[in-house]
Every structure is written in C-alpha cells, then in structure tokens.
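Peer 1: got a predicted structure here, sequence first:
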Amino acid sequence: MRVWDQEPDDELEINIVPMIDVIFAILAFFILSTLFLTRSEGLPVSLPNAETADIQQGADMTITIQEDGQLFLNQQPIKIDQIKAEIEASLAPKTPVAITVQADQKVFHGQVVEVMDILRTIEGATLGIATESTTKQQE
C-alpha cells in the first residue's frame with residue numbers, strides 16, 4: 001500500500017559553498033607558491049659577505065666572474081676584451097645603465113679591478129658589486 005504524504009517535498013539545490021572553499025584553497029596555494037619563485041640574476045657564484053650591503057634595484061646588466069675566472073655578460077660567456085664593445089652595442093648612445101659585478105669570493109682581486117676598470121670607461125654606466133649581507137645570515 002502506498003502512503004501519500006501531504007508534506008511537500010523539499011526542492012533540490014546545489015550547495016556551492018564547499019566548491020568556493022576549494023577554489024579559494026587552490027588560489028591561496030598558487031599565490032603562496034609564486035612568492036617563492038625567484039628570478040635568477042646570474043650564474044652560481046659564492047659572493048663575499050659585507051655588513052654594509054644594501055639591497056638595490058635590479059641591474060640592467062650583470063657581469064659574472066666565476067671562481068675559475070670565466071666571464072659572463074648576462075649569463076652569456078664573453079672575453080674580457082669584448083666587454084666594452086658588447087655593452088656599448090646593446091645600448092643607445094648616452095643611455096644610463098646599471099651594471100652589477102658578481103665576482104666569486106675566490107676570484108683574484110686583480111681580475112675584478114681589471115673588469116671594473118673597463119666598465120668605468122663606458123659612458124653613463126654606474127657600477128655595483130654584488131655581495132651577501134652578513135645580517136641576513138645571522139637571523
């Protein structure tokens with residue numbers, strides 16, 4: 001026997017609150033994971049430490065001197081006698097450029113000075129030396 005119920009059936013509905021929670025969780029994951037992505041500025045070198053190191057805006061160009069003395073301009077191998085010509089060729093005349101020198105701490109001082117001397121002859125170039133902050137290591 002069939003019993004007829006006088007109460008009306010509830011309308012079916014889709015609850016989207018759990019779906020919104022999942023979307024926000026995924027969004028939070030992507031936001032947090034992109035914060036840990038860092039831009040690689042240069043080749044791996046062991047930078048010297050400096051207590052007075054300041055964080056500066058990104059350089060237009062980076063010269064990297066590895067432990068074995070190899071030179072790189074913006075991660076491209078280069079010879080020391082080609083540095084000035086390559087930089088001047090990539091710049092418009094009298095354009096200011098910030099150049100950062102990333103020298104491994106085991107590189108001979110003479111080679112770093114030689115590279116910096118070449119860079120100082122470029123008109124409109126400002127030089128910076130990349131270091132590791134000792135205060136960051138102590139924290």
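Peer 2: Structure's in. What do you need?

Peer 1: in the helix or strand Ile23 falls within, what counts as buried?
Peer 2: Using DSSP states H and E, Ile23 sits in helix 17-35. Within helix 17-35, no residue is scored as buried using 16 or more other C-beta atoms under 10 Å. Glycine gets a C-beta too; all of them are placed from N, C-alpha and C.

Peer 1: that helix packs against which elements?
Peer 2: Applying 3 or more C-beta pairs under 8 Å, 6 or more residues apart in numbering; DSSP states H and E, we find helix 17-35 packed against no helix or strand.

Peer 1: bridge partners for Val97, pull those for me.
Peer 2: Ala125 (DSSP bridges).

Peer 1: go on, the one 5 residues further on?
Peer 2: With DSSP bridges as the criterion, Gln102 is bridged to Thr64.

Peer 1: tell me if I'm right that it and Ala130 touch.
Peer 2: Yes. Counting by C-beta atoms under 8 Å, Gln102 touches Ala130, with 4.2 Å between them.

Peer 1: how many other residues sit next to Gln105?
Peer 2: Neighbours of Gln105 under the rule other C-beta atoms under 10 Å: 12.

Peer 1: now it: phi and psi?
Peer 2: phi -70, psi -10 (degrees, to the nearest 10).

Peer 1: residue ranges with poor pLDDT in this protein?
Peer 2: In the predicted model of the chain, residues 1-5, 38-59, 134-139 satisfy pLDDT under 70.

Peer 1: how about Gly110, secondary structure?
Peer 2: Here Gly110 is recorded as helix under DSSP: H, G, I helix; E, B strand; the rest coil.

Peer 1: can you give me the strands for this protein?
Peer 2: Applying DSSP state E to the chain gives strands spanning 49-50, 61-65, 71-73, 76-78, 97-103, 125-129, 132-133.

Peer 1: closest to Thr34 out of those?
Peer 2: The closest approach between Thr34 and any of the strands of the chain, judged by C-beta to C-beta, belongs to strand 61-65 at 23.3 Å.

Peer 1: now that closest one against strand 125-129, angle please.
Peer 2: Counting by axes from the mean of the first three to the mean of the last three C-alpha atoms, to 10 degrees, strand 61-65 lies at 40 degrees to strand 125-129.
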